[in-house]
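Novice: Predicted model follows, preceded by the sequence.
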Amino acid sequence: MEILSICPICEGKQSQAVLICEDYTASHEKFTIVSCSSCGFQFTNPRPKESEIAKYYESDDYVSHSNSKKGVINSIYHFVRQFSVKKKVKMINALSKKGNLLDIGSGTGEFLNAAKENGWIVRGIEPNEMAKEQSIGNFQLNIGSQEDLSTLAAASFDIITMWHVLEHVHHLNDRVGELHRLLSQSGKVIIAVPNYTSADAHHYGKNWAAYDVPRHLYHFSPNSIKQLFIKHNFTFVKSYPMKFDSYYVSMLTEKNVHHKNKLFSAFLAGLKSNLKAKNDVEKYSSVIYVFAKA
């Protein structure tokens with residue numbers, strides 16, 4: 001384990017524990033989430049070292065890597081993903097003319113493949129070998145490793161996406177700085193992350209599945225993610241809700257806590273969360289943020 005002695009966003013040196021959460025996916029170990037005393041940013045601390053984190057992803061329950069359709073929740077995930085991928089392609093088409101697209105944390109490649117079929121020139125980065133092999137084998141995509149980011153040309157991408165990936169990155173400031181280097185002057189960075197200020201997060205507390213310790217190293221609020229990107233010379237453009245996430249995260253949480261699928265309870269929690277967020281995009285369970293160079 002490693003301990004962060006300063007806040008990744010404001011470099012404050014004081015923090016306090018706010019939650020102790022269980023890793024329901026792989027290890028069943030307990031991990032502490034702390035809040036920076038200066039800016040309020042929340043992060044997992046202590047956390048596994050980068051060289052040790054891989055074992056916490058080794059589970060069929062980690063569906064974005066395994067692509068498993070085992071069980072009701074994973075089946076629902078795959079059904080919803082088909083719809084979500086189409087919405088993501090529509091979004092990038094609205095934000096930029098078709099050009100070069102980089103998807104960091106491209107998983108098993110469904111989004112990249114849909115963008116390619118829509119006319120985008122696509123490139124993916126995926127550290128998990130099993131997911132990378134699936135995306136290459138199934139879709140013949142151009143997928144590199146995390147180390148390949150530094151070899152890509154500056155200002156070479158019109159759209160860069162990270163769908164539920166930024167919260168996993170050990171070197172947070174280095175990664176956001178790299179996004180700035182790789183983005184074209186008129187390009188857009190699209191970041192999707194869970195939102196711990198949502199109603200479903202408050203409802204479930206420490207058991208909220210989107211805390212997903214220790215794989216989620218950081219826990220963003222709308223304010224903290226904007227602080228991070230402004231620090232690296234980005235400007236905030238707009239945000240979009242991810243309306244399905246409240247239902248999916250609630251289903252995972254109910255299963256984790258009760259060890260069985262409680263679909264009605266999960267649906268009710270997800271619906272209540274979305275209704276409370278109806279007039280404020282940045283109150284949804286997960287939020288998509290769009291940034292441009294300042």
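Specialist: Looks like it came in fine. Numbers count the residues shown, from 1 in each chain.
Novice: hey, let's count contacts and neighbours off CA atoms from now on
Specialist: Noted.
Novice: Val85 contacts Phe111, doesn't it?
Specialist: Yes: with contact defined as Cα atoms under 8 Å, Val85 reaches Phe111; the gap is 5.4 Å.
Novice: Between these two, which is the more surrounded one?
Specialist: Phe111 (21 against 17; other Cα atoms under 10 Å).
Novice: Tell me how many other residues surround the residue nearest to Val80 when sequence neighbours are not counted.
Specialist: Computed as Cα to Cα, 6 or more residues apart in numbering, the closest residue to Val80 that is not its neighbour in sequence is Phe244, at 7.7 Å. Neighbour count for Phe244, taken as other Cα under 10 Å: 18.
Novice: try Phe41
Specialist: By other Cα under 10 Å, 24 other residues sit near Phe41.
Novice: and it, what does it touch?
Specialist: The contact partners of Phe41, by Cα atoms under 8 Å, 6 or more residues apart in numbering, come to Cys7, Ile9, Ser35, His219, Phe220, Ser221, Ser224.
Novice: next one: Ile288
Specialist: Here Ile288 is in contact with Ile190, Ile191, Ala192, Val193, Ser239, Tyr240, Pro241, Met242 (criterion: Cα under 8 Å, 6+ apart).
Novice: contacts for the helix or strand hosting Val85?
Specialist: For Val85, the host element (DSSP states H and E) is helix 72-95. Residues from elsewhere that reach helix 72-95, judged by Cα under 8 Å, 6+ apart: 63, 68-69, 110-111, 114-115, 118, 159, 188, 244, 248, 251-252, 261.
Novice: following that helix, which helix or strand comes up?
Specialist: Per DSSP H and E, the first helix or strand lying C-terminal to helix 72-95 is strand 100-104.
Novice: just the strands in the stretch 51-200 of the chain please.
Specialist: 100-104, 121-125, 143-144, 157-163, 183-194 (DSSP state E, counting those that start in this stretch).
Novice: Quick check: which of these is nearest to Ala26?
Specialist: Checking those against Ala26 by Cα to Cα gives strand 183-194 as the closest, at 19.7 Å.
Novice: now the closest one: mean pLDDT?
Specialist: Average pLDDT, strand 183-194: 98.
Novice: Counting by contacts, list what it packs against.
Specialist: strand 157-163, strand 286-293 (3 or more Cα pairs under 8 Å, 6 or more residues apart in numbering; DSSP states H and E).
Novice: Including distance to Leu149, could those go into CSV?
Specialist: Output for the helices and strands packed on strand 183-194, formatted as CSV (distance: least, Cα to Cα, whole Å):
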stretch, distance to Leu149
strand 157-163, 12
strand 286-293, 19
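Novice: now these in TSV, with distance to Leu183 and mean pLDDT?
Specialist: Formatted as TSV, these follow (distance: least, Cα to Cα, whole Å; pLDDT from 0 to 100):
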stretch	distance to Leu183	mean pLDDT
strand 157-163	5	98
strand 286-293	8	98
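Novice: what's the span of stretch 252-266, first residue to last?
Specialist: 8 Å (Cα to Cα, to the nearest Å).
Novice: Likewise for stretch 94-103?
Specialist: Start-to-end span of stretch 94-103 (Cα to Cα) is 17 Å.
Novice: Which parts of that stretch count as buried, going by neighbours?
Specialist: Lys98, Asn100, Leu101, Leu102, Asp103 (16 or more other Cα atoms under 10 Å).
Novice: Asn256: which of those is nearest?
Specialist: Nearest to Asn256 among the buried residues of stretch 94-103, with distances taken as Cα to Cα, is Asp103, at 29.9 Å.
Novice: So what sits opposite the closest one in the bridge?
Specialist: Beta bridges link Asp103 to Gly124, Thr161, judged by DSSP bridges.
Novice: quick one: contacts for it?
Specialist: Asp103 sits in contact with Leu112, Val122, Arg123, Gly124, Ile125, Ile160, Thr161, Met162, where contact means Cα under 8 Å, 6+ apart.
Novice: No further queries at this time; thank you.
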